[in-house]
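Asks: Sequence first, then the predicted structure, then my questions.
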Amino acid sequence: MSTLWWQTEGEGKIDLVLLHGWGLNAEVWHNIIPELRAQFRLHRIDLPGYGRSHGFGELSLEQMAEKVLAAPEIPEHAIWLGWSLGGLVAGQIALTHPERVLALVSVASSPCFSAKEAWPGIKPDVLSGFQHMLSVDFQKTVERFLALQTLGTEHARNDARLLKSIVLEQPMPSIEVLNGGLQILKTADLRELLATLDVPHWRIYGQLDGLVPRKIVELLDEQWPASLSYILPKAAHAPFISHKESFCQLLVSLGESLHIAEAS
């Protein structure tokens, strides 16, 4: 039976849905919950096939977004925050069901992770290499990807160790699920579609992120003039771990701005 794992906590008036990245699970948000529970009602979910969300195989981006949105626990109107792969899922939900999205927040995410002409990103052969490595050495591939996410930060080793512990504490995704996630990162391109988005859209980046090049920030600032971008200095691909306080302050500011807008 296919079931999505979900947990809701917090006393705030604004619903905030948190979507994790490739290879991980909802426990990645554990450290920021105490910082945000007074301002938000926080909804953590294991994406289909990840962690405790069992019974799912390889899914397309559209299928994953629909599976998440179909969960009975989903609030009718919420801020959708997605990290890395989760940013694509949140973006897809905002495109297909904008009436359910109070605001979209992407964290260390790109609308197009693959490098293309005049677009910086991960070289397609690198992502293909990860897909091949999954079948050769499953655990080593995941560990290598996690290490890339904290590379360059002040506490890179400790941050990588924390991410690894989060993965190992919960059931590991199948190779099929992980390969499907890499295929989404390799092929998805939401650049033109998200330019038409008509909900508040915030983008949070790490200055040292090796997976989402900083050059895309300026490109998207130009292509998406209604979207606001924030770069956290000395952070890499997991800014909510390495720079928890600054990250949470940004989210609280977003919540306050939306509350003021709704009140007026």
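Replies: Great, that's in hand. Numbering: from 1, shown residues only.
Asks: alpha carbons only for contacts and neighbour counts from here, please
Replies: Noted.
Asks: Pull the residues that contact the helix or strand hosting S135.
Replies: Assessed by DSSP states H and E, S135 sits inside helix 124-136. Contacts to helix 124-136, defined as CA atoms under 8 Å, 6 or more residues apart in numbering, come from residues 114-115, 141-142, 175, 179, 182, 185-186.
Asks: Setting the sequence-adjacent residues aside, check what's closest to L146.
Replies: Leaving aside its sequence neighbours, L146 sits nearest to A160 (CA to CA, 6 or more residues apart in numbering; 6.3 Å).
Asks: pLDDT (mean, whole number) over the helix or strand where that neighbour lies?
Replies: Element membership for A160 (DSSP H and E) is helix 156-169. Per-residue pLDDT over helix 156-169 has a mean of 81.
Asks: next one: that helix to chain centre, how far?
Replies: Relative to the centre of its chain, helix 156-169 is centred 17 Å away, using CA atoms, centre = their mean, to the nearest Å.
Asks: Torsion angles phi and psi at I122?
Replies: When quoted as degrees, to the nearest 10, the phi and psi of I122 stand at phi -80, psi 130.
Asks: tell me the pLDDT at it?
Replies: So I122 comes in at 90 (pLDDT).
Asks: who touches it in this structure?
Replies: When contacts are counted by CA under 8 Å, 6+ apart, I122 touches 113-115, 211-212.
Asks: if we can go back for a sec, now the contacts of helix 124-136 in a markdown table, with distance to V68, pLDDT and neighbour count?
Replies: Converted to a markdown table, the contacts of helix 124-136 look like this (distance: CA to CA, whole Å; pLDDT from 0 to 100; neighbours: other CA atoms under 10 Å):
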| residue | distance to V68 | pLDDT | neighbour count |
| --- | --- | --- | --- |
| S114 | 24 | 95 | 23 |
| A115 | 28 | 94 | 15 |
| T141 | 26 | 77 | 17 |
| V142 | 23 | 76 | 20 |
| I175 | 20 | 89 | 15 |
| N179 | 19 | 90 | 24 |
| L182 | 18 | 91 | 18 |
| L185 | 18 | 94 | 23 |
| K186 | 21 | 93 | 20 |
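Asks: Out of those residues, list just those in helices.
Replies: Secondary structure from DSSP state H places 141-142, 175, 179, 182, 185-186 of the contacts of helix 124-136 in helices.
Asks: now the helices for the stretch 1-150 of the chain?
Replies: Remark: helices assigned in the stretch 1-150 of the chain by DSSP state H, counting those that start in this stretch are 33-36, 61-69, 85-96, 124-136, 138-150.
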